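Engineer: What follows is a predicted protein model with its sequence.
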Amino acid sequence: MRRGAKRTTTGSMRHSDHPSALDQWSALLDWYERAGVCSFVADEPRDRFAETEREATRRRPDGSAASARTQPQPTARPAAAAPPAMGLPMAEHGRSDIEDARSKAASAQTLAELQALLTAYTGCGLRQTAKNLVFGNGAEDADLMLVGEAPGRDEDLSGEPFVGRSGRLLDRMLGSIGVARDAVRVTNTVPWRPPGNRTPTPAETELCLPFTMRHIELVRPRVLVCLGSPASRVLLRSDEAITRLRGRWLSVTTPNGLEIPAIAMLHPAFLLRQPGQKRWAWRDLLTLRERLAELAR
Ligand code: URA
């Protein structure tokens, strides 16, 4: 029974007891909350698959259309103009935006300078809906660096990466191979929380990539771990599914030519949803432990 509606002793709804508009709104908000919707960012939905596809077509040298499998489905009504709070659509992050991000990132000589640059950076629309910049934390000269996907709600509120549920699992994962969380450097592919915890778009990760790469260059880790699909794809320059990519030693080459051994691993948030996959994560952790032991010899 909806809130505000009363039943008679026979159980039937009385006409005069229709819920008020306020009750109906309140019930709707309760329903959204129970469904996990925690932030409202726009009145109209946006088809990010179609945006990504349009951008892929635009970038194809011959401008050919996308494959039928990935072709965006026609929508019932034309896409609404994007409100600024949703972040810039992909096509608006053009080459010059990326060049600008590259030259800004390359100018940072220290992590503090890089953080200050990102604090002032307005090129990425994600910052408009985020509460805080989540730059990164941990040892500034760590041998091991981890790059995750994007800050979530807890990270957005605290300004620190991996402090929520997946962060706690990450701490336990590292602990299981004898690595203390504060001995490693941790950052994300994008430093602002995407609205509603959606996956950052390829355009957003590409735009933030120069800052992530500079972060890596300034830390100069000896081993890099890419956590989850977006980080693995953008850093390892691969289209392979994370389930195939994980567990193999590859390498990341930064813009200044630094080549770092890198491994993709399943993201802790994925492991929380699919605990059965932890066996693969454990395997990868052992592979990582072996590499770290070799470096320590
Ligand atoms: N998930 C991530 O990928 N990064 C965080 O910082 C938190 C959760």
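Structural biologist: Received the coordinates, thanks.
Engineer: On the strand side of things, show who whatever residue of the stretch 51-200 of the chain ends up closest to the ligand bridges to.
Structural biologist: The ligand sits closest to residue 148 of the stretch 51-200 of the chain, with a gap of 3.0 Å, by CB to the nearest ligand atom. C-beta here means a position set from N, CA and C on the backbone, and glycine is covered the same way. For residue 148, the beta-bridge partners are residue 188 (DSSP bridges).
Engineer: so what's it up against?
Structural biologist: For residue 148, the set of contacting residues under the criterion of CB atoms under 8 Å, 6 or more residues apart in numbering consists of 161-162, 186-189, 227-228, 231, 267.
Engineer: just the residues you listed that are near the ligand?
Structural biologist: Checking the contacts of residue 148 against the ligand by CB under 6 Å from any ligand atom, the ones in range are 161-162, 188.
Engineer: Just the ones of the contacts of residue 148 in helices?
Structural biologist: Among the contacts of residue 148, the members found in helices (DSSP state H) are residue 231.
Engineer: Drop anything exposed from the contacts of residue 148.
Structural biologist: Buried subset of the contacts of residue 148 (neighbour count, 16 or more other CB atoms under 10 Å): 161-162, 186-189, 227-228, 231, 267.
Engineer: for the residues you listed, which one is nearest residue 217?
Structural biologist: Closest to residue 217 out of those is residue 187 (12.2 Å), distances taken as CB to CB.
Engineer: Pretty sure that closest one sits against residue 150.
Structural biologist: No: the pair residue 187 and residue 150 fails to qualify as a contact (CB atoms under 8 Å) at a distance of 10.7 Å.
Engineer: The lowest-mean-pLDDT helix or strand in the chain packs against which elements?
Structural biologist: For the chain, the helix or strand with the lowest mean confidence is helix 48-59, at a mean of 74 (criterion: mean pLDDT, DSSP states H and E). Contacts of helix 48-59 with other secondary structure elements, assessed using 3 or more CB pairs under 8 Å, 6 or more residues apart in numbering; DSSP states H and E, are made with helix 202-219.
Engineer: Just the CA trace of the helix it packs on, in CSV.
Structural biologist: C-alpha atoms of helix 202-219 as CSV (Å, rounded to 0.1, in the frame of the first residue of the first chain):
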residue,chain,number,x,y,z
PRO,A,202,36.3,6.6,-22.8
ALA,A,203,36.4,10.4,-23.5
GLU,A,204,36.7,11.2,-19.8
THR,A,205,39.4,8.7,-19.2
GLU,A,206,41.3,9.9,-22.3
LEU,A,207,41.1,13.4,-21.2
CYS,A,208,42.4,12.6,-17.7
LEU,A,209,45.0,10.2,-19.0
PRO,A,210,47.8,12.8,-19.2
PHE,A,211,47.3,13.6,-15.5
THR,A,212,47.3,9.9,-14.6
MET,A,213,50.4,9.3,-16.7
ARG,A,214,52.2,12.2,-15.1
HIS,A,215,51.2,10.9,-11.7
ILE,A,216,52.9,7.6,-12.6
GLU,A,217,56.0,9.4,-14.0
LEU,A,218,56.4,11.4,-10.8
VAL,A,219,56.0,8.4,-8.5
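Engineer: mind starting the numbering at 830 from now?
Structural biologist: In the new count, where the first residue is 830, that last one comes out as helix 1031-1048.
Engineer: tilt between that helix and helix 877-888?
Structural biologist: Inter-element angle recorded for helix 1031-1048 and helix 877-888: 80 degrees (by axes from the mean of the first three to the mean of the last three CA atoms, to 10 degrees).
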